[in-house]
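> return atomic coordinates for the entry below.
(one chain, ligands or ions: 1)
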Amino acid sequence: MIVRALNARDADAMARIHATSFDKGWSPLDMAVHVSRDLCLGTGDPLSGFAILRRSDIDAEILTVATDPACRRRGHAGALLEAAREQLKRDSLRHIFLEVAEDNEAARALYERLGYQPIGRRPAYYARPDGRVAAVTYALDLSGNRSTHPPASLDEATTAR
Ligand SMILES: CC(C)(COP(=O)(O)OP(=O)(O)OC[C@H]1O[C@@H](n2cnc3c(N)ncnc32)[C@H](O)[C@@H]1OP(=O)(O)O)[C@@H](O)C(=O)NCCC(=O)NCCS
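Coordinates of the predicted model:
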């Protein structure tokens, strides 16, 4: 699967996919700002999926990843996150972090399959129409060593914050 760097011409399609994937959509203008300053990767033409990562000199954070509902379970998100991992590892970054809603089983399965380790839990982090849901924080060690000394349990990580 071909993964490409996105540019301002992709902003409308990114916003469209985001709106079908999350309750709160990000506008085409939001997306144009992201492509100007973050690592934005996409698959497909027309766009089928995309990922946005914010990077420092040391670490990176996945801000979002989404696949068009009509294209899911075809490897788009996996290809995007693997391409991001390779690029950031080449650039000698140390970790990729992310936060995901605890009840987002698809995303958690995706990250865990790619080797991300749960390192923390933030209770009542995301608002939902019917209440609040916790966020789980994951990390991927780009050195290739999967034992990033994760806490013995998520509760321990929460306490440590
Ligand atoms: C999560 C999401 C990005 C996955 O995208 P995708 O392109 O369908 O993912 P892939 O096809 O690359 O899946 C790779 C692996 O992840 C896991 N996975 C993905 N979707 C899954 C699901 N619905 N249920 C269980 N496991 C799933 C599987 O292990 C899958 O491999 P397999 O298909 O060989 O079993 C997509 O469902 C989505 O856009 N969801 C809405 C937005 C979102 O929640 N984003 C993440 C939070 S930031």
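> what is the helix of greatest length in the chain packed up against?
As assigned by DSSP state H, the longest helix anywhere in the chain is helix 76-90. If you count contacts as 3 or more CB pairs under 8 Å, 6 or more residues apart in numbering; DSSP states H and E, helix 76-90 packs onto strand 3-5, strand 39-43, strand 49-55, strand 59-67, strand 95-101, helix 105-113. (Glycine included, C-beta is placed from N, CA and C.)
> what mean pLDDT does the fifth one have?
Along strand 95-101, the predicted confidence averages to a pLDDT of 97.
> distance between the longest helix of the chain and the chain's centre?
Relative to the centre of its chain, helix 76-90 is centred 11 Å away, using CA atoms, centre = their mean, to the nearest Å.
> buried set for that helix?
Neighbour-count burial for helix 76-90, with 16 or more other CB atoms under 10 Å as criterion, is recorded at His76, Ala77, Gly78, Ala79, Leu80, Leu81, Ala83, Ala84, Arg85, Gln87, Leu88.
> how about the residues of the protein near the ligand?
Residues of the chain lying near the ligand by CB under 6 Å from any ligand atom: 21, 49, 64-67, 72-78, 100, 104-107, 109-110, 113.
> how about the nearest residue to Val65 once chain neighbours are set aside, what does it touch?
Leaving aside its chain neighbours, Val65 sits nearest to Ala51 (4.1 Å; criterion: CB to CB, 6 or more residues apart in numbering). The neighbours of Ala51, taking CB atoms under 8 Å, 6 or more residues apart in numbering as the test, are Cys40, Leu41, Gly42, Ile62, Thr64, Val65, Ala77, Leu80, Leu81, Ala84.
> now with 6 Å, please.
Leu41, Val65, Leu80 (CB atoms under 6 Å, 6 or more residues apart in numbering).
> equivalent analysis for Leu63, please.
Applying CB under 6 Å, 6+ apart, the residues near Leu63 are Ile52, Arg54.
> how about a cut-off of 7 Å?
Applying CB atoms under 7 Å, 6 or more residues apart in numbering to Leu63 gives the contacts Asp38, Ile52, Leu53, Arg54.
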